[in-house]
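K.L.:
Need a 3D model of the following:
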Amino acid sequence: MQQKLATGSKEIAAIASAETAKMYGLKILDENIQDVPENFTRFIIVGKTTPAPTGNDKTSIIVCLEKNKPGALYEILGEFASKNIDLTKIESRPTKKALGDYVFYIDIKGHIEDKTIRDTISRIKGKVGMLKILGSYPAAK
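P.N.:
Here you go, the predicted structure:
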């Protein structure tokens, strides 16, 4: 559930859960502010270290194909499928470098420290032009 929160300052507000308001002693200004009740907003904390595995984690990566060819994305996704790794999100965005050139944002169920995840990502590195591991983190409950 999304909430509008206030800190006492008229210049600062946040959109967060009721748990966050309680944790930080914030005043809830308004509830259920989303346009679509089934909508969920993801919040992330960017840091220099990877949280330890919890058993309920996700890993986010960015992949750019070396070149656009039939079956290129299928080859990458097949690596995950062959190891029974659940992909929770795949999103494509044009790179704006060339027509048909895309970057793919992929969320994987599992932690980068899991051997299966680590090995699969290593195999994918040889099939793409660029692979960036954004990080692993506890998945939402």
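K.L.:
pLDDT averaged over the strand ranked longest in the chain - what is it?
P.N.:
Assignment by DSSP state E gives strand 128-138 as the longest strand of the chain. The predicted model assigns strand 128-138 a mean pLDDT of 93.
K.L.:
same for that strand, what does it pack against?
P.N.:
With contacts defined as 3 or more Cβ pairs under 8 Å, 6 or more residues apart in numbering; DSSP states H and E, the packing partners of strand 128-138 are strand 57-65, helix 115-125. Just so you know, the C-beta spots here come from the backbone N, C-alpha and C atoms, and that holds for glycine as well.
K.L.:
In its sheet, which strands sit next to that strand, and in what direction?
P.N.:
Pairing partners of strand 128-138, with direction, according to DSSP bridges: strand 57-65 (antiparallel).
K.L.:
And the next helix or strand past the strand it pairs with?
P.N.:
Following strand 57-65 in sequence order, the next helix or strand is helix 72-82 (DSSP states H and E).
K.L.:
so which of the helices and strands packed on strand 128-138 gets nearest Gly78?
P.N.:
helix 115-125 (9.9 Å; Cβ to Cβ).
K.L.:
So which bits of the closest one are buried?
P.N.:
Of the residues in helix 115-125, those buried by neighbour count under the rule 16 or more other Cβ atoms under 10 Å are Ile117, Thr120, Ile121, Ile124.
K.L.:
next one: the longest strand of the chain to chain centre, how far?
P.N.:
Centroid separation for strand 128-138 versus its chain: 9 Å, with Cα atoms, centre = their mean, to the nearest Å.
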